[in-house]
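S.K.: okay, sequence plus prediction incoming.
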Amino acid sequence: MTDPPGDTPPTALSPRPKGRENAKDTACRNVTIYGHCRYEEKGCAFNHHEGGKANPSTAKATPIAADSAKKRFNVDSPSFTPASLAVNGNQPKPKATGISPKFANAAPFKPKVAGVGSRPASTAPSSTSSTKGYNPNAPEWTAPEAQEYLPPSYNNAIPPGSFQPDQNGDSLSTVFDHYTPTPSNQPAAQPQINPYAQDGSTMGSRAYFQSSANYPQQLQHHLYAALPPHRELSQPNQRTGRDFFIPENLRQNLARKSEATRMTIPNSTLPPTIAHYHSLVPLVNNSQKTNTLFGYQSQAYKAESNLDGRFYCLRRLQGYRVNEASSEHAIRNIQPNWKRVKNGNVVSVHLAFTNSGFGDSSLIYVTDFHPLAETLAQKHFASSHRYTNRYSTSHVPEETMWSYIVQIASALKGIHSAGLAARVIDASKILLTDEGRVRLNACGILDVIQADAPQALVDLQRLDLHLFGKLILALGTNNASQHNQTEALQSFSKSYSPRIRQVTSWLLERFPPRPNDNIDSFLLQITSEMASTFDSTLHQNDALGSHLGIELENARMVRLNIKMSMVLERPEYKDDPHWAAHGTRECIRLFRDYVFHQVDGQGRPSTDLGHILGCLNRLDAGSEEKIMLTTRDEETVIVVSYKEIKTALEGAFVDLCRRATRS
Ligand SMILES: Nc1ncnc2c1ncn2[C@@H]1O[C@H](COP(=O)(O)OP(=O)(O)OP(=O)(O)O)[C@@H](O)[C@H]1O
């Protein structure tokens, strides 16, 4: 049995009286607080009977405490009210609000130095003012049980027994995981939801986002910029406020991605860290099925790295164990091999290692994280789940299909040129990270899983081509499972041009392998489609570049505004004759009025955004153009150029910065 907290040996925590001979005159604190002292018979030197003198040190610090120690129960003592619930309609009396005699002697709250749940380094009473009156015999203040997470350093984060390639991916000090069964008292795995899925109805993400318990700080994107009012077609020279900012859908998309990247799950039962990755968030519904591609239960998580602060996707293959040297070799090679693949249509692979942080032996496969990504299967097969063995009439449009073909071909070119094979080309493992932008995911993972059955690279690369053909067929027929390829091809031909059918057939025939068939010979067949895809990518880039240009202007405006707001109307320098020459500040102030506080002929406020942006742009450029500024009392008028105002603003700001650094 452990001692109750606070009922402590007097030698350990009780404040000592000045001299041992005075101890008998001092009331024992354990009696005062707990009503008895366990150490009374074991040598406690303090007085265990009524009438003992109050502890001089406490008496000095808390007079109430001294008083209550002398007469612990008297007429002034607050009455005891049992805190019971109403029984049979009898309401309990309201609780007395007076200070309890038990707490009268409690030590003043003293925050702990070493964080929640840990003891201060020293409990000896100190003479500093902040610790004066600290009663070490009083029960300690403790925060409610809370799971505190402190990201550990990289070295500490790797649990012993994990297989962890070093940062260069080559040298290892390896002790492999032994299978440890999940302890029975481990909390049940929480239902895993994909908070990022764009189609909330299938993935439960809508419910996740809408529950304030799950995500209390959810952003209301639509509140940032409401729908614009209807307006008549305007002249080419006319602008609305929206024309000065990036398009609303792009802004919302970026904001959502940023939100999805930073999202955490409160009260998560997931392990706080897996090696140096923390803040894990599952990316998919909890499906307990074994993944047919991998032969293991597979689960993807978003996680943040302690090393570089970036976000990664961790794919966990549950129950994976390293049995042979070939597996160890394959895990070790993942990082150096896949570092060579830098392709915009491949999800970058970073690392593979085994870990027992989930309570079992798992393979962790680390790739880039793409917020709000959905798979091609989710995009194109989701609605056809009920018809998995029938061919749906809705299919991917031909233009989109060509775009997919070109992008996947480009991905395979990148992978094959690096002397590798993707091995996983499946609609459930191809991510759609932006409108029409696809990336091959989980590449190379089979190199680890099937390390004990090595195959020739050329065969694996031709198998990639065959899988590519199957993917096009599946997308074209809107059917993931192609039981009958001939029937599927016939259905495919009805919806697509002969060109697409021709390249699909070519890909499908690459297995079993034929000599001299490779990704280069495929690329030669789709050159014209590659050119048009390339062209549309350039157009997209141009559009993004011009949106970026608009934001650049906005950044300049913000900086100018910040400077102006910082130098104007500073109360602390109101009467300081040395604070930027009065004329200078007056000029800036009048300019501020000129820009923001314009009124029309009838004295009504003018809210002309074009005027504001025009003035600020000229100010930023230091234009020679002159403007007329009028004081508020309309008594004085000054004519000044933007350049002069800019110089004045810069001067005042420099003066302000100088004062900020001066002691
Ligand atoms: N690298 C990644 N970046 C961002 N999101 C990802 C990434 N990889 C996967 N996801 C997301 O995680 C979800 C689950 O991915 P996963 O590959 O496990 O698919 P799945 O449909 O659950 O496959 P299966 O049922 O075959 O295991 C996908 O819907 C996708 O949105």
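M.R.: Structure's in. What do you need? Residues are numbered from 1 along each chain as shown.
S.K.: setting aside sequence neighbours, what's the nearest residue to the closest residue to the ligand within the stretch 401-550 of the chain?
M.R.: Nearest residue of the stretch 401-550 of the chain to the ligand, counting by CB to the nearest ligand atom: S428, 4.4 Å away. Where C-beta positions appear, they are placed from N, C-alpha and C, glycine not excepted. Nearest residue to S428, sequence neighbours excluded (CB to CB, 6 or more residues apart in numbering): A377, at 4.2 Å.
S.K.: surely the one you found and N478 touch.
M.R.: No. Between A377 and N478 there is no contact under CB atoms under 8 Å: 10.7 Å.
S.K.: when the two are compared, which one has more neighbours?
M.R.: N478 (20 against 16; other CB atoms under 10 Å).
S.K.: was I right about that one contacting P397?
M.R.: No. Contact criterion CB under 8 Å: N478 and P397 do not qualify, at 11.8 Å.
S.K.: where does T433 land in three-state SS?
M.R.: At T433 the chain is in strand, as set by DSSP: H, G, I helix; E, B strand; the rest coil.
S.K.: how about the residue lying closest to it once chain neighbours are set aside, phi and psi?
M.R.: Closest residue in space to T433, ignoring its immediate chain neighbours: H370 at 4.2 Å, by CB to CB, 6+ apart. Phi and psi for H370, reported as degrees, to the nearest 10, are phi -120, psi 100.
S.K.: can you count the residues close to H370?
M.R.: 23.
S.K.: check K574 too.
M.R.: 8.
S.K.: sec struct for V438, please.
M.R.: strand.
S.K.: contact partners for the closest residue to it other than its chain neighbours?
M.R.: Using CB to CB, 6+ apart and skipping the chain neighbours, the partner closest in space to V438 is Q407 (5.0 Å). Q407 makes contact with 345, 437-438, 533 under the criterion CB atoms under 8 Å, 6 or more residues apart in numbering.
S.K.: and the residue of the stretch 401-550 of the chain closest to the ligand, how far is that from S491?
M.R.: Relative to S491, S428 is positioned 21 Å away (CB to CB, to the nearest Å).
S.K.: these two: which is more packed in?
M.R.: S491 (20 against 17).
S.K.: what helix or strand is the more buried one on?
M.R.: helix 485-495 (DSSP states H and E).
S.K.: now for that helix, which elements pack on it?
M.R.: If you count contacts as 3 or more CB pairs under 8 Å, 6 or more residues apart in numbering; DSSP states H and E, helix 485-495 packs onto helix 457-477, helix 498-508.
S.K.: so which of those is the most surrounded?
M.R.: helix 457-477 (a mean of 21; mean count of other CB atoms under 10 Å).
S.K.: what is it packed up against?
M.R.: Using 3+ CB pairs under 8 Å, 6+ apart, helix 457-477 is in contact with helix 376-380, helix 398-417, helix 485-495, helix 498-508, helix 519-525.
S.K.: let's see it at 6 Å
M.R.: Packing partners of helix 457-477 (3 or more CB pairs under 6 Å, 6 or more residues apart in numbering; DSSP states H and E): helix 398-417, helix 485-495, helix 498-508.
S.K.: the first one to helix 485-495, inter-axis angle?
M.R.: When you say that, I think you mean helix 398-417. Orientation of helix 398-417 against helix 485-495 (axes from the mean of the first three to the mean of the last three CA atoms, to 10 degrees) gives an angle of 130 degrees.
S.K.: count the neighbours of the residue nearest to G436 when sequence neighbours are not counted for me.
M.R.: Leaving aside its sequence neighbours, G436 sits nearest to S403 (CB to CB, 6+ apart; 5.6 Å). Neighbour count for S403, taken as other CB under 10 Å: 20.
S.K.: looking at the helices and strands packed on helix 457-477, which has the lowest confidence?
M.R.: If you rank the helices and strands packed on helix 457-477 by mean pLDDT, helix 485-495 sits at the bottom with a mean of 84.
S.K.: so for it, what gets flagged as buried?
M.R.: Going by neighbour count (16 or more other CB atoms under 10 Å), the buried part of helix 485-495 is 488-489, 491-492, 495.
S.K.: stretch 369-384 too?
M.R.: Buried-residue list, stretch 369-384, by 16+ other CB under 10 Å: 369-381, 384.
S.K.: whichever strand or helix holds A652 packs against which elements?
M.R.: Taking DSSP H and E as the criterion, A652 maps to helix 642-661. Helix 642-661 makes packing contacts with helix 527-567, helix 582-596, helix 609-621 when contacts are defined by 3+ CB pairs under 6 Å, 6+ apart.
S.K.: out of these, which one sits most buried?
M.R.: Sorting those by mean neighbours (by mean count of other CB under 10 Å), the first place falls to helix 582-596, with a mean of 18.
S.K.: for the stretch 351-500 of the chain, what lies in contact range of the ligand?
M.R.: 367-370, 373-375, 378, 428-429, 431, 441 (CB under 6 Å from any ligand atom).
S.K.: JSON lines please, covering those and showing pLDDT.
M.R.: Below are those laid out as JSON lines (pLDDT from 0 to 100):
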{"residue": "T367", "pLDDT": "96"}
{"residue": "D368", "pLDDT": "96"}
{"residue": "F369", "pLDDT": "96"}
{"residue": "H370", "pLDDT": "96"}
{"residue": "A373", "pLDDT": "94"}
{"residue": "E374", "pLDDT": "91"}
{"residue": "T375", "pLDDT": "92"}
{"residue": "Q378", "pLDDT": "88"}
{"residue": "S428", "pLDDT": "90"}
{"residue": "K429", "pLDDT": "93"}
{"residue": "L431", "pLDDT": "96"}
{"residue": "N441", "pLDDT": "96"}
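S.K.: turn those into a markdown table, including distance to F596.
M.R.: Putting those into a markdown table (distance: CB to CB, whole Å) gives the following:
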| residue | distance to F596 |
| --- | --- |
| T367 | 49 |
| D368 | 44 |
| F369 | 42 |
| H370 | 42 |
| A373 | 43 |
| E374 | 44 |
| T375 | 49 |
| Q378 | 48 |
| S428 | 55 |
| K429 | 54 |
| L431 | 46 |
| N441 | 50 |
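S.K.: related to what we said a few turns ago, distance of the residue nearest to S428 relative to G295?
M.R.: In terms of CB to CB, A377 sits 18 Å off from G295.
S.K.: how is the chain divided into domains?
M.R.: For the chain, the structural domains run 1-141, 156-220+241-372, 386-525, 554-661, going by automatic domain parsing.
S.K.: ok, which stretches of this structure are strands?
M.R.: Taking DSSP state E, the strands of the chain run over residues 273-274, 277-282, 297-305, 311-318, 349-355, 362-368, 374-375, 430-434, 437-440, 626-630, 637-641.
S.K.: so the second one versus strand 297-305, what angle?
M.R.: Taking the same axes, to 10 degrees, one finds that strand 277-282 is oriented at 140 degrees with respect to strand 297-305.
S.K.: show me the contact partners of strand 277-282.
M.R.: Under the criterion CB atoms under 6 Å, 6 or more residues apart in numbering, residues 151, 192, 264-265, 270, 301-305, 314 lie in contact with strand 277-282.
S.K.: so which of those wins on neighbours?
M.R.: Within the contacts of strand 277-282, neighbour counts (other CB under 10 Å) peak at K302, which reaches 26 neighbours.
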